[in-house]
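K.L.:
sequence isn't available, so here's the structure alone:
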């Protein structure tokens, strides 16, 4: 079994892999660099992206719990809505969009 070397990122509070390998993906069309093994939520927080969705009232939402319980970090990832960013590992060329529920 592969051992994961996770640690809490002091700046974001999310678990992140201690890796020197990087991957790139897209958030709202913007190229984001991330550490291989990080969650989408951790990578976006590290990149300064705090708003991951807009709720039905038009309020911005982002990562709250970071462990998949609250569902506040749901995004559209590779055309799949309601995907929890904190539970999804970054992959090369992944397309992530802010989920808008205020339409």
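P.N.:
Everything's here; your move. All of these numbers come straight from a predicted model, not from anything done at the bench.

K.L.:
would you map the strands across this structure?
P.N.:
Secondary structure of the chain, counting by DSSP state E: strands at 6-8, 15-17, 22-27, 30-35, 53-54, 60-61, 74-77, 80-84, 95-97, 99-100.

K.L.:
contacts for the third one next, please.
P.N.:
The one in question is strand 22-27. Under the contact criterion Cβ atoms under 8 Å, 6 or more residues apart in numbering, strand 22-27 has outside partners 31-36, 40, 43-44, 47, 49, 90-98. C-betas here are computed from N, CA, C, even on glycine.

K.L.:
picking that back up, residue 68: which of the strands of the chain is closest?
P.N.:
Closest approach to residue 68 among those (Cβ to Cβ): strand 80-84, 5.4 Å.

K.L.:
check which helices and strands the closest one sits against.
P.N.:
strand 74-77 (3 or more Cβ pairs under 8 Å, 6 or more residues apart in numbering; DSSP states H and E).

K.L.:
could I get the strands of the chain as JSON lines with distance to residue 68?
P.N.:
What follows is the strands of the chain, written out as JSON lines (distance: least, Cβ to Cβ, whole Å):
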{"stretch": "strand 6-8", "distance to residue 68": "15"}
{"stretch": "strand 15-17", "distance to residue 68": "11"}
{"stretch": "strand 22-27", "distance to residue 68": "19"}
{"stretch": "strand 30-35", "distance to residue 68": "18"}
{"stretch": "strand 53-54", "distance to residue 68": "15"}
{"stretch": "strand 60-61", "distance to residue 68": "15"}
{"stretch": "strand 74-77", "distance to residue 68": "10"}
{"stretch": "strand 80-84", "distance to residue 68": "5"}
{"stretch": "strand 95-97", "distance to residue 68": "17"}
{"stretch": "strand 99-100", "distance to residue 68": "16"}
